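> model the following, please.
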Amino acid sequence: MEVIYHKADQYAQKYSSQQDELLQQVEKNTSANHPHPHMLSGQVQGKLLEMISTMIRPLNILEIGTFTGYSALCLAKGMQQNGVLHTIELREEDAATAQKYFDMAQPTANIQLHVGDALAIIPTLDIEFDLVFIDADKVNYINYYGLTLPKVKKGGWIIADNVLFHGQVLADEIKGKNAKAIQSFNEHVLNDSNVQQVMLTVRDGLLLIQKL
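The predicted structure is shown next:
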């Protein structure tokens, strides 16, 4: 089941601010060379992430799932001048691609790339985060949430991507491990009295979560 109405998505792209040259390059090269280009946030979601970050003005950001660097570059635009974005990528090839783009950012974004298993890396980060973006393997969303929420400051934010999972969570009978994992995550957050949340139907679904 596909939940993105493509004509509306194209319309939204037309009436949203355009990407800068670097983001255009990341999207173009990812689409041309990566076997899974659909994993990239893209223009509309990327601009939304940038604007949310700009409204929050975070000092410390954590991203779980770097991919080719697009979303990190968007989020970094809203950071305070001395802010730091920590991003974690499991795949070395994608991490190397992302680092290339981070090095090209002007002005240079303060992005620290960690390569490896996020479940092992997150506990080593003794940092209070203003904003966390979860966009990695779906079966570990609840685990990532559990590890990061204690590190988020009171009033801080977590954004989880793909919470509609291609519309599969809307089915009468949810099938597939990833769709089931996302449904469990959505239920988990819904029942967490430590947060408030709103689900946005942008692209494949974003869940905005604020720590109370």
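> what sits against Thr148?
Leu62, Ile64, Ile122, Phe129, Val132, Ile134, Ile158 (Cβ atoms under 8 Å, 6 or more residues apart in numbering). For glycine as for every other residue, the C-beta is placed from the backbone atoms N, C-alpha and C.
> also His34?
Leu40, Thr68, Asp94.
> tell me which element the second one is part of?
What it means is Thr68. Per DSSP states H and E: Thr68 is located in neither a helix nor a strand.
> for Ile88, see how far away it is.
Per Cβ to Cβ, to the nearest Å, Thr68 is found 14 Å from Ile88.
> next: Ile121.
Taking Cβ to Cβ, one finds Ile121 at 5 Å from Ile88.
> which of the two has more neighbours?
Per other Cβ atoms under 10 Å, whichever of Ile121 and Ile88 has more neighbours is Ile88, with 24 against 17.
> helix/strand/coil for that one?
When classified by DSSP: H, G, I helix; E, B strand; the rest coil, Ile88 comes out as strand.
> still on that earlier bit, who touches both of Ile121 and Ile88?
Joint contacts of Ile121 and Ile88 (Cβ under 8 Å, 6+ apart) are His114.
> now for the contacts of Thr148, which pair is the farthest apart?
Maximum pairwise distance in the contacts of Thr148, criterion Cβ to Cβ, is 12.5 Å, between Ile122 and Ile158.
> among these two, which residue is more densely surrounded?
Ile158 (24 against 21).
> which residues sit against whatever helix or strand that one lives in?
Secondary structure from DSSP H and E places Ile158 in strand 152-161. Around strand 152-161, the neighbours that count as contacts under Cβ under 8 Å, 6+ apart are 41, 45, 49, 52, 56, 65, 128-135, 141, 145, 148-149, 185, 189, 195, 204-212.
> now the buried members of those residues.
Among those, the ones that count as buried by 16 or more other Cβ atoms under 10 Å are 41, 45, 49, 52, 56, 65, 129-135, 141, 145, 148-149, 185, 189, 195, 204-209, 211.
> so which of the residues you listed are in strands?
Using DSSP state E, the subset of the buried ones among the contacts of strand 152-161 located in strands is Phe129, Asp130, Leu131, Val132, Phe133, Ile134, Val195, Leu206, Leu207, Leu208, Ile209, Lys211.
> please name the residues that touch the second one.
If you count contacts by Cβ under 8 Å, 6+ apart, Asp130 has them with Ile56, Arg57, Pro58, Leu59, Asn60, Ile61, Val152, Lys153, Gly156, Trp157.
> could you do Ala105 as well?
Applying Cβ under 8 Å, 6+ apart, the residues contacting Ala105 are Leu22, Leu73, Ala76, Ile111.
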